[in-house]
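Enquirer: 3D model of this:
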Amino acid sequence: MTKLYEVFASIKSEREFNNFLADLCTPAEIRDMNDRWKIAELLYAGKMPQLEIAKKVGASITTVSRVARFLNNEKFGGYRTALARIHHA
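Expert: As a prediction, this is how the structure comes out:
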């Protein structure tokens with residue numbers, strides 16, 4: 001996975017990122033990642049119950065629960081780090 005991390009770190013613009021994702025992922029995979037990010041943002045805001053988030057995003061409650069579990073998981077903290085950076089930048 002180190003090489004993939006290096007590739008992501010080397011991307012210089014939103015256009016490059018979009019083009020790389022389009023090559024790397026299927027449209028469904030990109031939509032799924034986008035949905036998970038929307039869920040993470042809504043959970044982070046803390047103003048909406050999980051069931052309502054699932055309905056709003058069009059995702060399953062299982063997906064919302066999984067994102068919530070990882071959002072609150074201190075082992076990795078990826079969602080929290082990214083959310084803190086973009087909301088406090």
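Enquirer: when you work out contacts or count neighbours from here on, use the C-alpha atoms and nothing else.
Expert: Noted.
Enquirer: look up how far residue 60 lies from residue 75.
Expert: Taking C-alpha to C-alpha, to the nearest Å as the measure, residue 75 falls 24 Å from residue 60.
Enquirer: who's more crowded, the two?
Expert: Neighbour count, other C-alpha atoms under 10 Å: between residue 75 and residue 60, residue 60 has more, with 14 against 7.
Enquirer: got the phi/psi numbers for the residue nearest to the more buried one when sequence neighbours are not counted?
Expert: The shortest distance from residue 60 to any non-neighbouring residue, by C-alpha to C-alpha, 6 or more residues apart in numbering, is to residue 54 (5.7 Å). Here is the backbone geometry of residue 54 (degrees, to the nearest 10): phi -60, psi -50.
Enquirer: could you report the distance from residue 54 to residue 34?
Expert: 13 Å.
Enquirer: what's the answer for residue 50, then?
Expert: Going from residue 50 to residue 34 by C-alpha to C-alpha gives 17 Å.
Enquirer: what about the two, which has more around it?
Expert: Neighbour count, other C-alpha under 10 Å: between residue 50 and residue 34, residue 50 has more, with 20 against 13.
Enquirer: please name the nearest non-neighbouring residue to that one.
Expert: According to C-alpha to C-alpha, 6+ apart, the nearest residue to residue 50 is residue 64 (6.4 Å).
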